[in-house]
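> The following block contains a protein sequence and its predicted model.
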2 protein chains.
Amino acid sequence: MSIIKDDPLKDDPAKKSRIDSILQSARKLVEEAGFSNLTMDTIARNAGIAKGTVYLYFKDKNEVLEKVLETGFERMFERVSRNVEKEIEPEDKLKTLIYTNLMYIKENKYFFRTVFLDEVNVIFLRKKSQESFNRRRQRYAEFISKIIKQGSDAGKFKKINDQLKLSYFLISLIKTSAIYNFLNHKGGLFADMAAGYEERIKEEAYEIFDMFMNGIT
Amino acid sequence: MSIIKDDPLKDDPAKKSRIDSILQSARKLVEEAGFSNLTMDTIARNAGIAKGTVYLYFKDKNEVLEKVLETGFERMFERVSRNVEKEIEPEDKLKTLIYTNLMYIKENKYFFRTVFLDEVNVIFLRKKSQESFNRRRQRYAEFISKIIKQGSDAGKFKKINDQLKLSYFLISLIKTSAIYNFLNHKGGLFADMAAGYEERIKEEAYEIFDMFMNGIT
DNA sequence: TTGACTTATGACCATATAGTCATTATAATA
DNA sequence: TATTATAATGACTATATGGTCATAAGTCAA
């Protein structure tokens, strides 16, 4: 059991800032070198503390990794759902979802690399954490699933048996598009967050939307 | 440099059978426990030889992993392309491609888990092998790309700028579908290779084809 | 200032495992 | 059969790293 979850002092600001600085350190290292090269010693040093100290705030390495993933996912999901819920029509919801998701990926290399590019991280987690990882994923898919149902009920999308599966399809299209552009523009997507940036992401989002709605014919 | 590639004696049947038995052992272990739990000692023991012996036939662990992946991919690619080339119309080619690919995944848990479910393996490979992994992937995407071009030129598919990207989309749909069914039928897809088996895969293939061609509207 | 309590430290331990190599077994050849 | 060449062995080394814990530093109330 982690201090984070169970310690009644979790609101102690000193404690919280230690935890944050550890997580921030881990996040930065993951961003730079990926999950596979993450060691407790490096995390500690990069946070300016000793290894033993990390264990005062986290049960084990796994808990650090999990928290890194969790916070990244939570942020994305909150942003996406906040934006999506402003829309009324299911088509607009999907468009907004795709766009916001892509934006988030572009702005958060580390999350992109860990959760999307590498699915990799999963195997570094213990069984229990794998489950929580899948649960998060599932939650996102279910969120999308409701939108599809709405469109389906309104007669805008065709009748679909397995809406959940389609949701996973959409997630994988978003992910694939991000990976593809990442690999084929040599990080350019990250390099130029400036001119025409949002415009290009809008185009990319539309491509995905069009693919998902109409296919290739 | 590996003995496999450079030794003029590579056609020595005794040598070849040793190599095969090592690869087969590794393949089986990957299938059972995944890449992350693969050790050289286990591979050797499972093949009924000593660890040192493995190093007489493979430069290092990485080379073993790479060969396992390579042979798996080659087999799939050959089977898919052989079947696809029997077809004439691009739609039929795509249908056949999806179906054959799914069949292969279903029949080869180990390959499915390593190359599709876990993309995981990639990080266990050294830089050089990552490249060869991506090259193989790219080769498959290019193969699909040609089919799409054919359909596009014939006016059957809409005009598409980036056919290669669409090919990656299709690959990810196939993969996602396989993962989804795997996770949601608790291995059932593997368990019952018997009655109605091919029929269900045909349905699954058609779903993907339909999604790719027509989207959800 | 003192002593009790909290927090931090990093040397150390335990473990896992890739890869080596002196030794031994087997096969080939004379 | 004796000699040489080749193949196989597995104990051993080297290294990496997660996690521990005795010790030290810091904090604070009395």
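Here it is on my side, so go on. Residues are numbered from 1 along each chain as shown, chains lettered A, B, ... in the order given.

> quick one, domains of chain A?
A:11-58, A:61-214 (automatic domain parsing).

> if I look at whichever residue of chain A sits closest to DNA strand C, how far off is residue A:16?
Closest residue of chain A to DNA strand C, CB to the nearest atom of the strand: residue A:52 (1.8 Å). Where C-beta positions appear, they are placed from N, C-alpha and C, glycine not excepted. According to CB to CB, to the nearest Å, residue A:52 and residue A:16 sit 19 Å apart.

> about what we covered before: quick one: neighbours of the residue of chain A closest to DNA strand C, just the number.
Residue A:52 is flanked by 9 other residues according to other CB atoms under 10 Å in any protein chain shown.

> again, but for the one 3 residues further on
Counted with other CB under 10 Å, the neighbours of residue A:55 add up to 16.

> tell me which element it is part of?
Under the criterion of DSSP states H and E, residue A:55 resides in helix A:51-57.

> buried stuff in that helix?
Neighbour-count burial for helix A:51-57 flags A:54-55, A:57 (criterion: 16 or more other CB atoms under 10 Å in any protein chain shown).

> out of the residues you listed, who's near DNA strand D?
residue A:55 (CB under 7 Å from any atom of the strand).

> Quick one: distance of the helix holding residue A:55 to the chain centre.
On the basis of CA atoms, centre = their mean, to the nearest Å, helix A:51-57 sits 26 Å off its chain's mean C-alpha point.

> Export that helix to PDB, keeping only CA atoms.
These are the backbone C-alpha positions of helix A:51-57, laid out as PDB (Å, rounded to 0.1, in the frame of the first residue of the first chain):
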ATOM      1  CA  LYS A  51      17.300   6.400  -3.900                       C
ATOM      2  CA  GLY A  52      16.100   5.400  -0.400                       C
ATOM      3  CA  THR A  53      14.000   8.500  -0.200                       C
ATOM      4  CA  VAL A  54      12.000   7.400  -3.200                       C
ATOM      5  CA  TYR A  55      10.900   4.400  -1.200                       C
ATOM      6  CA  LEU A  56       9.600   6.600   1.500                       C
ATOM      7  CA  TYR A  57       7.000   7.900  -0.900                       C
END
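
> Which strands and helices lie in contact with it?
The contact analysis (3 or more CB pairs under 8 Å, 6 or more residues apart in numbering or on different chains; DSSP states H and E) places helix A:51-57 against helix A:3-6, helix A:13-33, helix A:40-46.

> quick one: which of those is nearest residue A:153?
Relative to residue A:153, the nearest member of these by CB to CB is helix A:3-6, separated by 39.2 Å.

> helix or strand right after the longest helix along chain A?
In chain A, taking DSSP state H as the definition, the longest helix is helix A:127-153. Note on helix A:127-153: by DSSP H and E, the next helix or strand toward the C-terminus is helix A:163-184.

> quick one: pLDDT of the residue nearest to residue A:48 when sequence neighbours are not counted?
Nearest non-adjacent residue to residue A:48, counting by CB to CB, 6 or more residues apart in numbering or on different chains: residue A:21, 7.6 Å away. Residue A:21 carries a pLDDT value of 94.

> Ok, residue A:123 next?
For residue A:123, the predicted pLDDT is 36.

> Just the element for residue A:69, please.
helix A:61-84.

> any bit of that helix sitting next to DNA strand D?
Yes: using CB under 7 Å from any atom of the strand, we find that helix A:61-84 touches DNA strand D at A:61-62.

> Let's see that helix as PDB, backbone CA atoms only.
Provided in PDB are the C-alpha atoms of helix A:61-84 (Å, rounded to 0.1, in the frame of the first residue of the first chain):
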ATOM      1  CA  LYS A  61       9.200   0.900  -8.800                       C
ATOM      2  CA  ASN A  62       6.000  -0.400 -10.200                       C
ATOM      3  CA  GLU A  63       4.000   2.200  -8.200                       C
ATOM      4  CA  VAL A  64       6.100   5.000  -9.700                       C
ATOM      5  CA  LEU A  65       5.500   3.800 -13.200                       C
ATOM      6  CA  GLU A  66       1.900   3.300 -12.600                       C
ATOM      7  CA  LYS A  67       1.400   6.800 -11.200                       C
ATOM      8  CA  VAL A  68       3.300   8.300 -14.200                       C
ATOM      9  CA  LEU A  69       0.900   6.500 -16.500                       C
ATOM     10  CA  GLU A  70      -2.100   7.300 -14.500                       C
ATOM     11  CA  THR A  71      -1.600  11.000 -14.200                       C
ATOM     12  CA  GLY A  72      -0.800  11.200 -17.900                       C
ATOM     13  CA  PHE A  73      -4.000   9.300 -18.800                       C
ATOM     14  CA  GLU A  74      -6.200  11.200 -16.400                       C
ATOM     15  CA  ARG A  75      -5.100  14.500 -17.900                       C
ATOM     16  CA  MET A  76      -5.800  13.400 -21.400                       C
ATOM     17  CA  PHE A  77      -9.100  11.900 -20.600                       C
ATOM     18  CA  GLU A  78     -10.300  14.900 -18.700                       C
ATOM     19  CA  ARG A  79      -9.300  17.300 -21.400                       C
ATOM     20  CA  VAL A  80     -10.900  15.200 -24.100                       C
ATOM     21  CA  SER A  81     -14.100  14.600 -22.300                       C
ATOM     22  CA  ARG A  82     -14.400  18.200 -21.200                       C
ATOM     23  CA  ASN A  83     -14.200  19.300 -24.900                       C
ATOM     24  CA  VAL A  84     -16.300  16.600 -26.200                       C
END
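
> Go through it and flag the buried ones.
Under the neighbour-count criterion of 16+ other CB under 10 Å, helix A:61-84 has A:61, A:63-69, A:72-73, A:76-77, A:80, A:83-84 buried.

> Now do the helix or strand just after that helix against helix A:163-184, angle only.
Using DSSP H and E, the helix or strand that follows helix A:61-84 in sequence is helix A:90-107. Orientation check (axes from the mean of the first three to the mean of the last three CA atoms, to 10 degrees): helix A:90-107 against helix A:163-184 gives 40 degrees.
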